[in-house]
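Visitor: Next come a sequence and a model predicted from it.
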2 protein chains.
Amino acid sequence: MTVVGKVNGSASIGPASQQDMRRQNLAVVLGAVAAHSPLSRADVSGRVGLTRAAVSSLVDELIARGMVTEAAATASGRPGRPGRALAVNDAGPAGLGLEIGVGHLGACVVDLRGEPRVWRREERANAGRPAGEVLAETAALAAEVQAEAAALGLRVEGRVLAVPGVVPNDPGGLVERAPNLGWRGVRLADHWPDADTVPAPENEANLGALAEYWSTGQHPETFVHVSAETGIGAALVIDGGLFRGARGFAGELGHLPVHPDGPECACGARGCLEQYAGETAVLRESGLAQHHPGDVVALLAERAGAGHAPTLAALDRAGRALGLALTSAVDLMDPDALVLGGAYAELADWLLPAVRTELAARVTVRPWAPEALRPSALGRRGPLLGAALTTVRRIMADPTLLPVG
Amino acid sequence: MTVVGKVNGSASIGPASQQDMRRQNLAVVLGAVAAHSPLSRADVSGRVGLTRAAVSSLVDELIARGMVTEAAATASGRPGRPGRALAVNDAGPAGLGLEIGVGHLGACVVDLRGEPRVWRREERANAGRPAGEVLAETAALAAEVQAEAAALGLRVEGRVLAVPGVVPNDPGGLVERAPNLGWRGVRLADHWPDADTVPAPENEANLGALAEYWSTGQHPETFVHVSAETGIGAALVIDGGLFRGARGFAGELGHLPVHPDGPECACGARGCLEQYAGETAVLRESGLAQHHPGDVVALLAERAGAGHAPTLAALDRAGRALGLALTSAVDLMDPDALVLGGAYAELADWLLPAVRTELAARVTVRPWAPEALRPSALGRRGPLLGAALTTVRRIMADPTLLPVG
DNA sequence: GGGTGTTTGTCAGGGCTCTCAACAAATTAG
DNA sequence: CTAATTTGTTGAGAGCCCTGACAAACACCC
């Protein structure tokens, strides 16, 4: 059964118009071309179920909108008139992704196919600096990258900024807080130089999870993506969409009570996961200084790789606690997979065994495959890629968003 | 402007036809009539956004399909021609709900408005008896109830059976296991007397949660409904729809590790919630016999009400453990509400304080209102009501399902 | 009591979008 | 070169909603 308007099957859906129908069919055709190009109109017709005539009309509109291109006829070797190959336009609408990390700025442009075409990452100490200063530099970087993209024929149609902080559900460009940057209640529009290019903020962990799902087609549609940057957060992807919770606080894995009578946490509770698997805790247990300069994650990986016993013990302890918390997540959500991203991905070699052990011992009332737990494929590149892909996916889902220029 | 949001998975969505459009608009009109009747065609038009002409056509079809009735014109006192009041037909398509509990059978018929019109509940010891025997009795009860409904002009258009067990995601009428009944791999069609009236099984906790949401309009759209019948289960309602998890095992609250080094559980792990808040554990701690005849929940409530110290202590201990598990649920899912159903609803007076205490102490990194935790309004009637409402909601969501008799 | 204003429900005309059927175009096989 | 096959386009037709107009039914006012 297909639904014309909003996809959700519950109440509060509006009436459907013929424009909605057209919009959906444009998206369906575009999606088929994106997923299986090169494809002829007849191929699309056979695949999605619309008639060749309808597909022809839809493809014409997609070409007019600059989202699909038509190549020359390809000699297929089969009898019959050859089809004209269709492909998603790789020189047209594009998405700009931006990222502000504690130690870097990032910017990239992804074309409609989802391919990154421009990629920039610059080391920069952003922690504690005024938000306006950091945002001005980000805007400058964005302008550079956008110019590079324009030289490739790409037109930026949307901007998303990945930040290591809390972004409320409702739109408005507000970053409620980003502890590691020292931000509180930063409204992007107040600091962005050009009112026309203000990006929409989004939590970096969420974007990393979506990138993981979007960029590798065969991923499951319901999974938990754990990342440790700002505390420990989990992004919940349900049926291919991000689940934010009723107020946008879903996935707060770091404060699950792992050992109810454990050490007191900064949040006021006791025995939170962060007290075992947070950066501070791991550094302490492994005997490293609290405020280490440079890339502490790489340092931890280096020491663990060299067999440094306290580091290995700290990671094992963190892995066991993480396994406990993920047991709760599996029991509650029954995900297809658990993906460790961010810093955890780089430390996976030493974390995974302990996590696996706990899961195997505790997830017993349902089938559980150890392979369902795996490190992220994108690692640190996820959030920036996800930011750019957000725009691309939005355009793909509604090709009428852009004016028919 | 719009951020990542819930752009649902681009793939797996098919083309839209004009029938789909019509179907959706029929559902929208029917939904408006159901939610705000009595309503005139003009009222519906103004409310949903379709033109009066379109609404007229849609209402005509709904009347022809027997889903809406037209009353006489009502003198409203306002100037202008009075509208003709529309209402959902209370003598037409209906849903049959069935329930097999450990100690009872239930059957009911709900009309399209969602009102229960026939309601039967019979005490019956079902545990350990052959599934075929229990199902035959259920079928007999269903036939009686359906006959009563027919006398009221109701035509049963769908049958759902609430069972205290695991029902897989994929259809097929299979009850994988129902420990309290002693069932394993029971396929309903194999035991049901009449092949035309085989009901679709569904987990009773899920149905109880949906009933809670469906029957009281103002409920939140994302909540966790906890019930203790077969072990301890949580039904997760997300955006108004049931979330079953990737394989149908979501909401297995009973085996969340509450005290990782606690007593061993039958599942093989240690310190599961069931060891503290399960029926067996509460009975043991309160000093009652394990296999008590009759209604143990009522007995517990009676003793607690009388101030019986061991019982109060057992319930306090259960409440604290439940609070711990629910802390994990809140951290992960950020629900609008936590609803305690089933046996917990009847013991809420003595459980809630401890649960509230734990939640208040541990849910600290987000706003949390104590009122968000509350006992179920329906209590034990939820599952049976939900079973019948399932059919009603399905018909309301797609009025073209029934032939245009 | 009759006229006026207002609101309702319906009808005819038009536009949009898909389907169906037919056809020209382009290629392979023989 | 001819027949067969497949592709893409075109015109007719149907379904659905929108627009605008109109009769019907009521309250209000003189």
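Guide: Thanks, I have the structure now.
Visitor: make it CA atoms for all contacts and neighbour counts henceforth
Guide: Will do.
Visitor: Next one: A:W183, what pLDDT does it get?
Guide: Per-residue confidence for A:W183 comes out at a pLDDT of 94.
Visitor: Now do the same contact list for it.
Guide: A:W183 makes contact with A:G128, A:A131, A:V175, A:E176, A:R177 under the criterion Cα atoms under 8 Å, 6 or more residues apart in numbering or on different chains.
Visitor: out of those, which is most surrounded?
Guide: A:V175 (22 neighbours; other Cα atoms under 10 Å in any protein chain shown).
Visitor: centre of the chain versus whichever helix or strand that residue is part of, how much separation?
Guide: Using DSSP states H and E, A:V175 falls within strand A:174-178. Here the centre of strand A:174-178 is set off from its chain's centre by 18 Å, with Cα atoms, centre = their mean, to the nearest Å.
Visitor: Pull the residues that contact that strand.
Guide: For strand A:174-178, the surrounding residues in contact (Cα under 8 Å, 6+ apart) are A:163-168, A:183-188, A:201, A:230.
Visitor: can those residues go into CSV with extra columns for secondary structure?
Guide: Below are those laid out as CSV (DSSP: H, G, I helix; E, B strand; the rest coil):
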residue, secondary structure
A:V163, strand
A:P164, coil
A:G165, coil
A:V166, strand
A:V167, coil
A:P168, coil
A:W183, strand
A:R184, strand
A:G185, strand
A:V186, strand
A:R187, strand
A:L188, helix
A:P201, strand
A:T230, coil
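Visitor: Can you tell me which of those residues is nearest DNA strand D?
Guide: Distance to DNA strand D, by Cα to the nearest atom of the strand, is smallest for A:P168 among the contacts of strand A:174-178, at 33.6 Å.
Visitor: ok, that closest one to A:H191 distance?
Guide: A:P168 sits at a distance of 18 Å from A:H191 (criterion: Cα to Cα, to the nearest Å).
Visitor: Next: A:N25.
Guide: Taking Cα to Cα as the measure, A:N25 and A:H191 are separated by 40 Å.
Visitor: quick check, the worst-scoring helix or strand of chain A on mean pLDDT touching DNA strand C?
Guide: Counting by mean pLDDT, DSSP states H and E, chain A has its least confident helix or strand at strand A:68-73, which shows a mean of 87. Yes: Strand A:68-73 reaches DNA strand C (Cα under 7 Å from any atom of the strand) through A:A73.
Visitor: Now do whichever helix or strand comes after that strand, average pLDDT.
Guide: Using DSSP H and E, the next helix or strand after strand A:68-73 towards the C-terminus is strand A:84-88. The average pLDDT within strand A:84-88 is 95.
Visitor: swap in stretch A:134-144?
Guide: Across stretch A:134-144, pLDDT averages out at 98.
Visitor: Tell me the buried residues in it?
Guide: The neighbour-count check on stretch A:134-144 (16 or more other Cα atoms under 10 Å in any protein chain shown) flags A:V134, A:L135, A:T138, A:A139, A:L141, A:A142 as buried.
Visitor: Then stretch A:177-192?
Guide: Buried residues in stretch A:177-192 (16+ other Cα under 10 Å): A:R177, A:A178, A:P179, A:N180, A:L181, A:W183, A:V186, A:R187, A:L188, A:A189, A:H191, A:W192.
Visitor: now the fifth one: how far from A:V198?
Guide: The reference is to A:L181. 19 Å.
Visitor: Low-confidence bits of chain A, can you list those?
Guide: Residue ranges of chain A with pLDDT under 70: A:1-12, A:74-75, A:217-219, A:230, A:289-293, A:405.
Visitor: so where do the helices sit in it?
Guide: Using DSSP state H, the helices found in chain A span residues A:18-36, A:41-48, A:52-64, A:131-151, A:188-191, A:204-215, A:274-277, A:279-285, A:296-305, A:309-333, A:342-346, A:348-362, A:382-397.
Visitor: Please indicate which of those has the most neighbours on average?
Guide: helix A:382-397 (a mean of 28; mean count of other Cα atoms under 10 Å in any protein chain shown).
Visitor: just checking, what packs against that one?
Guide: Judged by 3 or more Cα pairs under 8 Å, 6 or more residues apart in numbering or on different chains; DSSP states H and E, helix A:382-397 is in contact with helix A:18-36, strand A:93-100, strand A:104-111, strand A:155-163, helix A:204-215.
Visitor: Minimum distance to DNA strand C, which residue of the stretch 201-350 of chain A gives it?
Guide: The stretch 201-350 of chain A approaches DNA strand C most closely through A:G240 (24.3 Å), counting by Cα to the nearest atom of the strand.
Visitor: To clarify, my last question referred to the stretch 151-300 of chain A.
Guide: Of all residues in the stretch 151-300 of chain A, the one sitting closest to DNA strand C is A:E157 (22.6 Å; Cα to the nearest atom of the strand).
Visitor: Tell me who's in contact with that residue.
Guide: Taking Cα under 8 Å, 6+ apart, we find A:E157 in contact with A:P93, A:A94, A:G95, A:L96, A:T391.
Visitor: So which of those residues is the closest to DNA strand D?
Guide: DNA strand D has its nearest neighbour among those in A:P93, at 22.7 Å by Cα to the nearest atom of the strand.
Visitor: list the contacts for the closest one?
Guide: A:P93 makes contact with A:G66, A:M67, A:D111, A:L112, A:L154, A:R155, A:V156, A:E157, according to Cα under 8 Å, 6+ apart.
Visitor: Same check on A:N206?
Guide: A:N206 makes contact with A:A234, A:A235, A:L236, A:L242, A:P383, according to Cα under 8 Å, 6+ apart.
Visitor: Show me which pair in the residues you listed is furthest apart.
Guide: A:L236 and A:P383 (14.7 Å; Cα to Cα).
Visitor: What is the nearest of the contacts of A:E157 to DNA strand C?
Guide: Top of the list for closeness to DNA strand C, among the contacts of A:E157 and by Cα to the nearest atom of the strand, is A:P93 at 21.5 Å.
Visitor: Roughly how far does the closest one sit from A:A150?
Guide: A:P93 is 10 Å from A:A150, by Cα to Cα.
Visitor: out of the contacts of A:P93, which is most surrounded?
Guide: A:D111 (27 neighbours).
Visitor: Looking at chain A, which residue reaches furthest from the middle?
Guide: Centroid-distance maximum for chain A: A:P79 at 44.3 Å, with Cα atoms, centre = their mean.
Visitor: OK, contacts around it?
Guide: Neighbour list for A:P79: empty [criterion: Cα under 8 Å, 6+ apart].
Visitor: Quickly note the distance from it to DNA strand C.
Guide: 3 Å (Cα to the nearest atom of the strand, to the nearest Å).
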